[in-house]
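Chemist: Provided below are the primary sequence and the corresponding predicted coordinates.
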Amino acid sequence: MTSHNSSTGATRAEDQKRPGRLFYGWYVVAAAFAVTFVGFGAAYSFSAFVDALQQEFSASRGEVSLVFSIAGFLYFGLGVITGPLADRFGSRPMAIIGMVLVATGLVLAGFAQSLTQVYLAYGLGVGLGVGFSYVPSVGTVQRWFARRRGFASGLAVSGIGFGTLFMPLLAALLIGTLGWRNAYISLGILSAALGISMALLIVNDPRSRGLGPDGGPPLPPASAGGAEGAGLKQAVRSRPFLTLYCAGLIASFGLFVPFVHLVPFATDHGMSPGEGAFLLGMVGVGSTVGRFLLGNVADLIGRRTALILAFAGMSTTLVIWALSTSLIPLAIFGLTFGTFYGGFVALMPALVMDYFGGRNVSGIIGVLYTSVALGTLVGPTAAGYAYDLTQDYTLAILGSIAVNLVAALAVATLPRPDPGNP
């Protein structure tokens with residue numbers, strides 16, 4: 001029986017290598033790309049709605065910023081629950097539920113009659129939706145690849161970059177033509193159509209299709225990407241995990257400040273809402289480049305070294321924001337900051353796989369991302385209230401520079417992954 005199964009798996013693997021036959025792992029990457037495009041595109045389009053929500057509900061910038069912080073806290077924090085659920089029940093149902101929640105939250109936000117209702121609709125809908133879909137989708141990609149894991153992970157999460165590029169621009173266009181309420185409803189319909197259909201392509205483990213990582217024959221259970229590796233409790237008590245957790249927590253206090261406040265910053269300095277959305281789009285362009293560039297570079301120089309570079313790069317580029325008040329230098333900031341941010345997003349899941357293996361990869365990523373959840377809850381809101389007090393973003397930007405430097409130093413203390421992992 002074992003020989004027959006092995007032979008069947010080898011045959012399927014050979015089928016995948018025939019000319020014109022695409023390895024199914026790339027369909028999983030495409031599905032994860034679409035899920036992150038929809039989820040994070042919906043989340044990061046929030047910056048385009050800040051001014052409209054302030055005017056509609058006579059709210060301060062700090063109060064409006066809390067909408068995004070609630071969503072961010074939930075979508076990073078919920079991975080601690082949805083990651084283990086995906087390891088046990090599969091990633092596809094989690095991703096589908098997530099896309100339904102994102103779409104529902106956007107539509108309900110369009111009908112909100114108070115800022116509290118926006119907190120509940122957008123904050124809970126988008127927050128829970130991305131929380132259900134992000135970690136399971138990205139975690140699954142790690143199982144399908146070994147040799148090209150950095151590139152595949154970067155390609156999957158480049159959906160975040162494309163979402164950051166297109167969704168804020170689309171939101172600004174819809175707000176200008178249809179008003180903010182109909183803009184939210186339209187984005188919700190788009191999210192349902194694209195997100196749910198693509199989530200159906202997710203398959204949890206290559207062995208279920210008679211394959212191994214990268215399209216090879218299926219590995220024995222003890223060596224397969226879905227079975228080998230540390231237990232969840234063992235991983236979270238280890239030094240590498242604790243170091244990555246601290247780095248993620250510290251950096252995330254400043255990491256998402258541009259995603260909420262770059263558009264209002266631009267309009268404060270005389271630029272149009274469309275120009276502000278363009279600047280946020282530049283973050284998306286850079287983010288996409290970073291996922292491809294640093295994902296590939298990391299496979300050569302080591303993912304730990306590349307993560308240090310990502311944190312240090314974000315800190316350096318934030319200096320450009322601190323010194324800029326016009327479109328061109330701010331566009332340069334958006335592009336360069338986004339590049340290093342994209343590298344950070346691509347590298348964290350791949351490093352989890354490097355250090356801890358694939359048996360509990362989604363669960364470990366989920367626990368790790370609670371660090372980012374805590375920082376996201378505090379950072380953008382604190383930046384908004386700092387602006388309300390000073391009518392200036394300098395303090396928030398300087399704080400963001402500092403926390404990214406500290407995160408880079410923390411990762412530099414990490415031991416290298418076991419031999420055989422970059």
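Modeler: All right, it came through fine. Numbering: from 1, shown residues only.
Chemist: And the residue nearest to Leu201 when sequence neighbours are not counted, which helix or strand is it part of?
Modeler: Excluding the flanking residues, the one nearest Leu201 by Cβ to Cβ, 6 or more residues apart in numbering is Ala31, at 4.0 Å. Quick note: C-beta positions are derived from backbone N, CA and C, even for glycine. Following DSSP states H and E, one finds Ala31 within helix 25-44.
Chemist: in that helix, what's buried?
Modeler: Residues 25-26, 28-44 are the ones in helix 25-44 that count as buried (16 or more other Cβ atoms under 10 Å).
Chemist: my guess is the residue nearest to Leu201 meets Ala95, correct?
Modeler: Yes. With contacts counted by Cβ atoms under 8 Å, Ala31 reaches Ala95, the gap being 7.4 Å.
Chemist: list residues touching both of these two?
Modeler: Contact criterion Cβ atoms under 8 Å, 6 or more residues apart in numbering; residues shared by Ala31 and Ala95: Ser137, Ala199, Ile202.
Chemist: Any chance of those residues in JSON lines with pLDDT, secondary structure and distance to Val126 as columns?
Modeler: Compiled in JSON lines, the shared contacts of Ala31 and Ala95 are given as follows (pLDDT from 0 to 100; DSSP: H, G, I helix; E, B strand; the rest coil; distance: Cβ to Cβ, whole Å):
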{"residue": "Ser137", "pLDDT": "89", "secondary structure": "helix", "distance to Val126": "16"}
{"residue": "Ala199", "pLDDT": "93", "secondary structure": "helix", "distance to Val126": "16"}
{"residue": "Ile202", "pLDDT": "92", "secondary structure": "coil", "distance to Val126": "20"}
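Chemist: which one of these has the most neighbours?
Modeler: Greatest neighbour count in those, by other Cβ atoms under 10 Å, goes to Ser137: 31 neighbours.
Chemist: what's that one in contact with, if anything?
Modeler: Going by Cβ under 8 Å, 6+ apart, Ser137 touches Ala31, Ala32, Val35, Thr36, Ser91, Met94, Ala95, Ala156, Ala199, Ile202.
Chemist: excluding its backbone neighbours, what's nearest it?
Modeler: Nearest residue to Ser137 in three dimensions, chain neighbours excluded: Ala32, at 4.1 Å (Cβ to Cβ, 6+ apart).
Chemist: contacting residues around the one you found?
Modeler: With contact taken as Cβ under 8 Å, 6+ apart, Ala32 is in contact with Ser137, Val138, Thr140, Val141, Ala156, Val157, Gly159, Ile202.
Chemist: Looking at the shared contacts of Ala31 and Ala95, which is nearest Arg239?
Modeler: Closest approach between those and Arg239, by Cβ to Cβ: Ser137, at 28.1 Å.
Chemist: how near is that closest one to Asp87?
Modeler: With distances taken as Cβ to Cβ, to the nearest Å, Ser137 is found 13 Å from Asp87.
Chemist: Kindly report the same for Leu330.
Modeler: For Leu330, the distance to Asp87 - Cβ to Cβ - is 42 Å.
Chemist: ditto for Leu124
Modeler: Taking Cβ to Cβ, one finds Leu124 at 25 Å from Asp87.
Chemist: who's more crowded, the two?
Modeler: Using other Cβ under 10 Å as the criterion, Leu124 and Asp87 rank with Asp87 on top: 24 against 17.
Chemist: Let me know the helix or strand that the more buried one is in.
Modeler: helix 79-89.
Chemist: Does whichever helix or strand comes after that helix pack against any helices or strands, and if so which?
Modeler: Counting by DSSP H and E, the next helix or strand C-terminal to helix 79-89 is helix 91-109. In terms of contacts (3 or more Cβ pairs under 8 Å, 6 or more residues apart in numbering; DSSP states H and E), helix 91-109 is packed against helix 25-44, helix 79-89, helix 115-118, helix 125-144, helix 180-199.
Chemist: right, and these - which one's nearest Tyr341?
Modeler: Among those, the nearest to Tyr341 by Cβ to Cβ is helix 25-44 (11.0 Å).
Chemist: pLDDT averaged over the closest one - what is it?
Modeler: Here helix 25-44 scores 92 as its mean pLDDT.
Chemist: in the helix or strand just after that helix, what's buried?
Modeler: Once the chain leaves helix 25-44, the next helix or strand it forms, by DSSP H and E, is helix 50-57. Judged by neighbour count (16+ other Cβ under 10 Å), helix 50-57 contains these buried residues: Val50, Asp51, Ala52, Leu53, Gln54, Glu56, Phe57.
Chemist: Relative to Thr317, which of those residues is nearest.
Modeler: Looking across the buried residues of helix 50-57 and measuring by Cβ to Cβ, the closest to Thr317 is Val50, at 22.1 Å.
Chemist: Was I right to think the closest one contacts Val64?
Modeler: Yes. Between Val50 and Val64 there is a contact under Cβ under 8 Å: 5.5 Å.
Chemist: list the residues that contact both of these two?
Modeler: Joint contacts of Val50 and Val64 (Cβ under 8 Å, 6+ apart) do not exist.
Chemist: Walk me through the regions of this protein where pLDDT falls short of the threshold, as ranges.
Modeler: 1-20, 219-228, 295, 358, 418-422 (pLDDT under 70).
Chemist: try it again with 50
Modeler: Low-confidence segments of the chain, defined by pLDDT under 50: 1-11, 13, 15, 222-227, 419-422.
Chemist: Format the CA atom coordinates belonging to stretch 112-124 as CSV.
Modeler: Extracted in CSV, the C-alpha atoms of stretch 112-124 (Å, rounded to 0.1, in the frame of the first residue of the first chain):
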residue,chain,number,x,y,z
ALA,A,112,-23.7,54.1,9.5
GLN,A,113,-25.5,57.0,11.3
SER,A,114,-22.8,57.6,13.9
LEU,A,115,-19.0,57.2,14.3
THR,A,116,-19.8,54.4,16.8
GLN,A,117,-21.6,52.5,14.1
VAL,A,118,-18.6,53.0,11.8
TYR,A,119,-16.4,51.5,14.6
LEU,A,120,-18.8,48.5,14.7
ALA,A,121,-19.3,48.0,11.0
TYR,A,122,-15.9,48.8,9.5
GLY,A,123,-13.8,48.1,12.6
LEU,A,124,-15.4,44.8,13.4
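Chemist: Identify all contacting residues around that stretch.
Modeler: Taking Cβ under 8 Å, 6+ apart as the rule, stretch 112-124 contacts 46, 53, 57, 59, 63-64, 66-68, 70-71, 74, 105-106, 108-109, 111, 184.
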